[in-house]
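Asker: generate coordinates for the sequence data below:
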Amino acid sequence: MDANSAKVPSEEAYVLRVQDPGLASQIKAMLRDVEAPPNKLEIRFKSDREGTFVYGDRTLPVSVRNLPCITEIWKTLDGENLVKSLDIGQMIVVREEDTEAPPPGESRDGIAPVMTDARNRHFRKLPEVNPAVVERVETELIQIVNSGAPKGWTFEDIEEEYVEGTDGSEGYWKVIGHNQY
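Answerer: Below you'll find the predicted structure:
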């Protein structure tokens, strides 16, 4: 038996972002078996990134966009233990009729509100630092570790532990050790 002819069960998952709130609630109700499914539900692609979404008698444009980061999908078989099932890197955006397609390529936002403008906020470029400054700081740190503080400097090492308050009162930090170098 070769690998191409083997019928291996697989899962595919899609993030479907629907911009029309009314249609989104209808699809949620259908998926939760609250509402009867329409006589027709399909996604047809005209190209690898654009197509149409058919829900009953409504036909809306769709666009496939890359997510700013890979999203893990987890599932449970027993209601207690989670199993990672797959990764998603794209979403299908169902747009309102007569709206322009979003810019090609990567979506500006991720799936959840915390990933709004994720690429710019979380994956921004690091500031450029002069290599000579980095080397000088590294040399000074190695010197401090090997031989102690420079002349005229003292380092204080204060060890503390947190003491919880009694009867729900606020706790505080208590000094248990103090050294100067």
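
Asker: give me the phi and psi angles of the residue lying closest to Glu97 once chain neighbours are set aside.
Answerer: Excluding its sequence neighbours, the residue lying closest to Glu97 (CB to CB, 6 or more residues apart in numbering) is Leu60, at 6.0 Å. Every C-beta, even on glycine, is put in place using the N, C-alpha and C of the backbone. Leu60 adopts backbone torsions of phi -120, psi 150, taken as degrees, to the nearest 10.

Asker: chain center to the helix or strand of the chain with the lowest mean pLDDT: distance?
Answerer: Lowest on mean pLDDT, DSSP states H and E among the helices and strands of the chain sits helix 118-122, with a mean of 77. How far helix 118-122 lies from its chain's middle: 10 Å, per CA atoms, centre = their mean, to the nearest Å.

Asker: next, the distance between the ends of stretch 46-66.
Answerer: 18 Å (CA to CA, to the nearest Å).

Asker: for Lys125, helix, strand, or coil?
Answerer: coil (DSSP: H, G, I helix; E, B strand; the rest coil).

Asker: which residues in this structure form strands?
Answerer: Ranges of strands in the chain, per DSSP state E, are 15-18, 41-45, 50-55, 58-76, 82-94, 156-163, 172-180.

Asker: Gly148: which of those strands is closest?
Answerer: strand 172-180 (10.9 Å; CB to CB).

Asker: what is that closest one packed up against?
Answerer: In terms of contacts (3 or more CB pairs under 8 Å, 6 or more residues apart in numbering; DSSP states H and E), strand 172-180 is packed against strand 156-163.

Asker: now the strand it packs on - C-alpha only, PDB.
Answerer: Written as PDB, here are the backbone C-alpha positions of strand 156-163 (Å, rounded to 0.1, in the frame of the first residue of the first chain):
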ATOM      1  CA  GLU A 156      23.800  46.700  47.900                       C
ATOM      2  CA  ASP A 157      22.300  43.200  48.000                       C
ATOM      3  CA  ILE A 158      19.000  43.300  49.800                       C
ATOM      4  CA  GLU A 159      17.200  40.000  50.400                       C
ATOM      5  CA  GLU A 160      13.500  40.300  51.200                       C
ATOM      6  CA  GLU A 161      10.600  38.000  51.700                       C
ATOM      7  CA  TYR A 162       6.900  38.700  51.400                       C
ATOM      8  CA  VAL A 163       4.900  38.500  54.600                       C
END
